[in-house]
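Trainee: What follows is a predicted protein model with its sequence.
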Amino acid sequence: MTLWKKNWPGKAAPKSKDSPVLREIKKEIVVMRKQGEPPGKDPHSFAQYMCDLCSTPHPVSELRQCVLCGRWACEACWKDECYTCKSCSGLIKIHQLKGE
Ligand SMILES: [Zn+2]
Ligand SMILES: [Zn+2]
């Protein structure tokens, strides 16, 4: 009667790169854009795109897509330490403070 336990993942080390914290965060984050989806164009300029966080226009080379929410962030809205946008990095920090 213990056969079912064979399929139970238990405490085996997760093979995925995502930490448990990151997995929790992903459940909370609202994905605004799909990965690979281009940023929104600045309606007043042909060469610039909008930062999804502060809504200011930037050349596309200055925008980076957040891997969590999919929003495009300018340098001011980007957190290099988390490699996510400012908004998602805030969530990561909250979760890290909680411990898990
Ligand atoms: Zn911005
Ligand atoms: Zn984000």
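Mentor: Cool, got the structure. Ligands and ions are numbered 1, 2, ... in the order given.

Trainee: what's the burial count for the nearest residue to Q65 once chain neighbours are set aside?
Mentor: Leaving out its chain neighbours, the residue that sits closest to Q65 by C-beta to C-beta, 6 or more residues apart in numbering is W72, at 5.4 Å. Placement of C-beta: from N, CA and C, glycine included. Neighbour count for W72, taken as other C-beta atoms under 10 Å: 26.

Trainee: and W72, what does it touch?
Mentor: R33, P39, G40, Y49, M50, C51, D52, L63, R64, Q65, C66 (C-beta atoms under 8 Å, 6 or more residues apart in numbering).

Trainee: Can you tell me the closest non-neighbouring residue to the third one?
Mentor: Using C-beta to C-beta, 6+ apart and skipping the chain neighbours, the partner closest in space to G40 is M50 (4.4 Å).

Trainee: I'd say that neighbour and P57 touch.
Mentor: Yes. Under the contact definition of C-beta atoms under 8 Å, M50 touches P57, with a separation of 5.9 Å.

Trainee: any residues in contact with both of the two?
Mentor: Residues touching both M50 and P57 (C-beta under 8 Å, 6+ apart): D42.

Trainee: if I look at the residue nearest in space to the middle of the chain, how far off is Q96?
Mentor: Per C-alpha atoms, centre = their mean, the C-alpha nearest to the average position across the chain is that of L68, at 1.8 Å. Distance, L68 to Q96, using C-beta to C-beta, to the nearest Å: 14 Å.

Trainee: repeat for P38
Mentor: Going from P38 to Q96 by C-beta to C-beta gives 31 Å.
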